[in-house]
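**Student:** Predicted coordinates and the sequence they were generated for:
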Amino acid sequence: MSLLLTIFLLVFVTQLITWIGKSVLLDVTYDMYLRIARSPAAARQRALKSEILSTKSELLKTSAQDQFAKWAKLRRSVDKGLADLEKLNAEVASTKSAFAMKFNTLLWFLTTGLQFVVGWWYRKQAVFYLPHGWFGPLGWWLALPFAPAGSVSVGVWQMACRRVILVGERLVKDLAASYASSHLDAKNEKSALPSLAPTPNNTPRKGEKNASETE
């Protein structure tokens, strides 16, 4: 894969992660991790939640006056289950926090960190060369900091890719907003039109009848 395309894909993936949101990716990845790893704490948490809901349902059906002994036993069971669930929630939250730290570190390295590595490793290499005289005396800054004169450096190409992607994002948002606005206007105009359905026996509509009586 060429250096030009590699840098563009790195910048695009980084921006795509920003669009989706790191928190969304974290939740999806963590759920997949729990299903694959089959965490015992998460399994106990699900089972305990189901048990508490079942006991609560039975508690609501039990009369505290007529069946006090059974009601008190169910109430103690619910309280104990809630206490155990709170401990499990703290344990699961601690596990998720540790997972989130590792996930964010890996995500940073695969996006921003990898861009730094590529930029440093290919700092003296040209991404591509420009035709002679395109930018005149200002063409030297496209090669900053260490690329050959007359070429585009990795750092400048990264900035150009990021700028193009952001402009494309803004253009798509504007087009989507314009389409939604025009669709809404057309819907409002359609709903505002009077009904043109024929009346039985060719009798005049209410508006037409009033107009004829006025005449």
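**Tutor:** Good, I have the coordinates.

**Student:** Counting neighbours, what do you get for residue 124?
**Tutor:** Using other Cβ atoms under 10 Å, residue 124 has 11 other residues around it. Using the backbone N, CA and C atoms, a C-beta is placed for each residue, glycine as well.

**Student:** Quick check: pLDDT value at it.
**Tutor:** In this prediction, residue 124 carries a pLDDT score of 87.

**Student:** Relative to residue 130, how far out is it?
**Tutor:** Distance of residue 124 to residue 130, computed by Cβ to Cβ, to the nearest Å: 17 Å.

**Student:** With residue 34 instead?
**Tutor:** 51 Å.

**Student:** Could I get the full set of strands for the chain?
**Tutor:** Taking DSSP state E, the strands of the chain run over residues 128-129, 151-152.

**Student:** And the first one, what does it pack against?
**Tutor:** I take that to be strand 128-129. strand 151-152 (3 or more Cβ pairs under 8 Å, 6 or more residues apart in numbering; DSSP states H and E).

**Student:** Neighbouring strands - and their directions - for the strand it packs on?
**Tutor:** Applying DSSP bridges, strand 151-152 is found paired with strand 128-129 (antiparallel).

**Student:** tell me the average confidence for the strand it pairs with?
**Tutor:** Rounded mean pLDDT across strand 128-129 is 86.

**Student:** and if you look at stretch 164-172?
**Tutor:** 89.

**Student:** Could you list the alpha-carbon positions for it in PDB?
**Tutor:** Taking Å, rounded to 0.1, in the frame of the first residue of the first chain, the C-alpha atoms of stretch 164-172 are listed here in PDB:
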ATOM      1  CA  VAL A 164     -10.600  17.400   3.300                       C
ATOM      2  CA  ILE A 165     -12.400  14.900   5.500                       C
ATOM      3  CA  LEU A 166     -13.800  17.700   7.700                       C
ATOM      4  CA  VAL A 167     -15.000  19.700   4.700                       C
ATOM      5  CA  GLY A 168     -16.700  16.500   3.400                       C
ATOM      6  CA  GLU A 169     -18.300  16.000   6.700                       C
ATOM      7  CA  ARG A 170     -19.700  19.500   6.700                       C
ATOM      8  CA  LEU A 171     -20.900  19.100   3.100                       C
ATOM      9  CA  VAL A 172     -22.800  15.900   3.900                       C
END
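
**Student:** Okay, buried residues for that stretch please.
**Tutor:** Buried residues in stretch 164-172, defined by neighbour count with 16 or more other Cβ atoms under 10 Å: residue 165.

**Student:** who touches that stretch?
**Tutor:** 11-12, 15, 19 (Cβ atoms under 8 Å, 6 or more residues apart in numbering).

**Student:** Repeat that for stretch 26-43.
**Tutor:** 88, 91-92, 95-96, 99-100, 103-104.

**Student:** And stretch 80-93, by the same measure?
**Tutor:** For stretch 80-93, using Cβ under 8 Å, 6+ apart, the contacting residues are 39, 41-42, 44-45, 48-49, 51-52, 55.
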